[in-house]
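Participant: Structure, please.
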Amino acid sequence: GMGLTSTYNSQGKQSQENYVVHPTLTVSCKPTSRMFMRYKFYVSGYSPSLSQLSDVVQGIDVYQSRRGNPNLKTTACYSNTFDANWKNSFMSVSLWARYSYDHKPVMDETVFEDGMFIRTFANQKAFHSITVNPTFQFSPLGEHLQMSFSPSFNRYISHGNSYTHTYNNWSFEGDVMATFGHWMAAGSFQTRYNRLMGEEISYGEEMTMVRLGYTTKKWEASLDVFMPFSKHYSVKS
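Facilitator: Residues are numbered from 1 along each chain as shown. Modelled structure (predicted):
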C-alpha cells in the first residue's frame, strides 16, 4: 500500500508545509489451521504542533520558562510489527511485538540562559520503542467461564542532542468473565502503562473494574464499579 500526508502550519509571517509518504508492506501466512502469523512494515510521520513551533516565552516559575522553536521539522517514523496466534477449543496464545524508530524526533530540551532554565523543543537524534505483548486466554468451561492474562514489556531509548535516556516498563492486564443463564459477572485489572519520550516519563492509569449484568437477546443491563478496592486515582509525569 501507499499513502501520502500533507500538513501546513502558519503563524505570523512564518509558515511550514510538509509531505510524508507512507509505504506499507504486509505479509501473512497460516502454517496450520490453528495458527496465524503476520508481519507489517510501514512508514509514517508527524509534524510539530503549533504550540511547539511558537517562539512565545511563557513563565513556569521563578526558575524556568517554556519557549517554542519555529525551526522544528517533521519527524519520520519507521515501524515493524509482528503478531501470531494459536488456539484450540480450550485456550489460545497470541503474541504482538513492535519495534519503531523515529528519525529526528521532536523531543524536549532544556538550556540555561540569563539565569533561567528554558524548557524548549528540538529535533533530537533518534527515539526507539520496543514492545513485546503475549496474551493467554483460557475457556475451561466453554462460554461459561473465560479468562485472559496479558503481560507486556516496553523499552524506550531517547537519543537527544545532549542526552541519552533508557527506560524499561512491565505492565499487566487481566480479565475474567463468568455467565450462568442470563446472568453475567466480570472483572478486569490493569497496571500502569508507563512511557518515556525525550526526558519525560508519563505514568498511565492503574485501573480495576467489576461488573454484574443481566442479558437477553434484545436488551442488557449491568452495574459497573471502577476502582472498587481503592480510594485513590492518579496519573502523573
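Participant: Against Phe229, how distant is the closest residue to Leu145 other than its chain neighbours?
Facilitator: Spatial nearest neighbour of Leu145, excluding adjacent residues (Cβ to Cβ, 6 or more residues apart in numbering): Ala178 at 5.1 Å. Using the backbone N, CA and C atoms, a C-beta is placed for each residue, glycine as well. According to Cβ to Cβ, to the nearest Å, Ala178 stands 19 Å off from Phe229.
Participant: before we move on, the earlier item: secondary structure class of the residue nearest to Leu145, three-state.
Facilitator: Secondary structure assignment for Ala178 (DSSP: H, G, I helix; E, B strand; the rest coil): strand.
Participant: Would you mind pulling the contact partners of the longest strand along the chain?
Facilitator: In the chain, assigned by DSSP state E, the strand with the most residues is strand 14-32. The contact list for strand 14-32, computed with Cβ atoms under 8 Å, 6 or more residues apart in numbering, reads 1-10, 36-45, 47, 53, 70, 73-74, 76.
Participant: more neighbours, Ala178 and Phe229?
Facilitator: Ala178 (14 against 8; other Cβ atoms under 10 Å).
Participant: My guess is the more buried one contacts His144. True?
Facilitator: Yes - applying Cβ atoms under 8 Å, one finds Ala178 in contact with His144, separated by 6.6 Å.
Participant: Okay, helices next: where are they in the chain?
Facilitator: Listed in chain order, the helices of the chain (DSSP state H) span 50-53.
Participant: Give me the pLDDT for the residue nearest to Lys73 when sequence neighbours are not counted.
Facilitator: Counting by Cβ to Cβ, 6+ apart, Lys73 lies nearest to Asn123, which is 5.4 Å off, once chain neighbours are set aside. Asn123 carries a pLDDT score of 94 in this model.
Participant: Could you do Gln64 as well?
Facilitator: Confidence score, pLDDT, at Gln64: 92.
Participant: What distance do you get for it to Gln124?
Facilitator: 20 Å.
Participant: Quick check: Met147 vs Leu212, distance?
Facilitator: 17 Å.
Participant: re the thing from before, counting neighbours, what do you get for the residue nearest to Lys73?
Facilitator: Asn123 has 18 neighbours, counted by other Cβ under 10 Å.
Participant: Quick one: residues contacting it.
Facilitator: Asn123 neighbours (Cβ under 8 Å, 6+ apart): 72-73, 75, 104-106.
Participant: which among those gets closest to Gly160?
Facilitator: Pro105 (9.4 Å; Cβ to Cβ).
Participant: Am I right that that closest one is in contact with Gln124?
Facilitator: Yes - using Cβ under 8 Å, Pro105 is in contact with Gln124, at 5.7 Å.
Participant: Now do Lys217 against Val235, distance only.
Facilitator: 39 Å.
Participant: Those two: which is more packed in?
Facilitator: Neighbour count, other Cβ under 10 Å: between Lys217 and Val235, Val235 has more, with 10 against 6.
Participant: Quick check, that one in contact with Met207.
Facilitator: No - counting by Cβ under 8 Å, Val235 stays clear of Met207, with 10.5 Å between them.
Participant: For the spatially closest residue to Arg38 that is not a sequence neighbour, give me the pLDDT.
Facilitator: Nearest residue to Arg38, sequence neighbours excluded (Cβ to Cβ, 6+ apart): Ser28, at 4.0 Å. Looking at Ser28, its pLDDT reads 97.
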